[in-house]
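K.L.:
Pasted the sequence and its predicted model underneath.
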Amino acid sequence: MTLLIIGGAGYIGSHVAREFLDQGHQVTVYDNLSSGLRENLFPEATFIHGDIQDYPRLIRAAKEGFDALIHLAAYKAAGESMIRPEQYSLNNINGTVHILNAAVEAQIPCIIFSSSAAVYGEPEYLPIDEQHPTKPENYYGFTKLEIERLLVWYERLKGIRFACLRYFNAAGYDAQGRISGLEQNPANLLPVIMEAACGMREEVQVFGNDYATPDGTGVRDYIHVSDLAKGHAAALDYIRRYRQSLTVNLGSETGLSVLEILEAARRISGKPIPARMSPRRPGDPGKLTASARYARETLGWTALSSDLDSLVRTTWNAYRRHYCRG
């Protein structure tokens, strides 16, 4: 198949591009490189340097002839979204309208959308399944939910089939070391820990150690980014084979605590990684885990590389290659 991957030079996007290339598909990456990196582009993929706000350029790219479009072009910092909602409206919602209109104009029949577990908000029960109420607590999650609703309407009115993939916490790096560019200004736990391991920051701040969890620190569902990439491929196979859209969780179903990850990072890196306990952040639940039963039953997909050691070791290897000496 010929695939247009919008946002394919970013952290998740580059792993998705790599997976589709490994499966023998023809890949074109469309990215403005605002957070994506040229070093995450692969020589066997075509690259178009463009912005989703540049509608004429987006149209020209889409009309080059594609069997499907993968949409990973969204701002994703939950905290920032509460301060700069206008930027998230423009990029995430307005940008998606451009993408959808370009897909209609170019007659692209399938879209795989990178959604988020942020659409659920505060968990009312665990594990979270796809029937859980959607009550996002930050503007980022709101934009993802609005995009899902746009996709439902474009399917009804224009016949575009879609898959909304609700990610939980993406982590890890390609085990073969083929993704060379690291996330810029990371806010997620594992990259922060690795920056401390490499001496780029003095310590790791642990927010809350008095939760009702085994070690008192927050527990989250971490999924290896390579497992996420395989989920994109499985979703595309499904909607092309059955001509049905779907919305599905992609999670590991296994909760890992902050201290578990920190101790694994110390063990694997051999670095002391100083940490400081701080008060809880407002709105942070003590535990958040996914149900991926629907993904197993519908897509035949399971998280195969999302164990603690694989998550930490592949991330450490990526950071060590870039920043660490000795």
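P.N.:
Perfect, I can see it now. These figures come from a predicted structure and were not determined experimentally. Numbering: from 1, shown residues only.
K.L.:
now the strands for the stretch 51-200 of the chain?
P.N.:
With strands called from DSSP state E, counting those that start in this stretch, the stretch 51-200 of the chain shows them at 68-71, 110-116, 161-167, 169-171.
K.L.:
out of these, which comes closest to residue 94?
P.N.:
Nearest to residue 94 among the strands of the stretch 51-200 of the chain is strand 68-71 (13.5 Å), distances taken as CB to CB. The way it works is simple: take the backbone N, C-alpha and C, and place the C-beta from them, glycine included.
K.L.:
average pLDDT across the closest one?
P.N.:
Across strand 68-71, pLDDT averages out at 98.
K.L.:
Who does that strand pair with, and is each partner parallel or antiparallel?
P.N.:
Its sheet considered, strand 68-71 pairs with strand 2-6 (parallel), strand 110-116 (parallel) by DSSP bridges.
K.L.:
deepest of the strands of the stretch 51-200 of the chain, which one?
P.N.:
When these are scored by mean count of other CB atoms under 10 Å, the highest mean neighbour count falls to strand 68-71 (a mean of 26).
K.L.:
sec struct for the spatially closest residue to residue 229 that is not a sequence neighbour, please.
P.N.:
Leaving aside its chain neighbours, residue 229 sits nearest to residue 19 (3.7 Å; criterion: CB to CB, 6 or more residues apart in numbering). On the three-state scheme (DSSP: H, G, I helix; E, B strand; the rest coil), residue 19 is labelled helix.
K.L.:
Tell me who's in contact with residue 19.
P.N.:
If a contact means CB atoms under 8 Å, 6 or more residues apart in numbering, then residue 19 has 226, 229, 230, 232, 233 as its contacts.
K.L.:
All the helices of the stretch 201-326 of the chain, residue numbers only.
P.N.:
Ranges of helices within the stretch 201-326 of the chain are 225-242, 258-269, 293-299, 308-323, based on DSSP state H, counting those that start in this stretch.
K.L.:
before we move on, the earlier item: nearest to residue 305, out of the contacts of residue 19: which one, please.
P.N.:
Using CB to CB, residue 226 comes nearest to residue 305 of these, at 5.3 Å.
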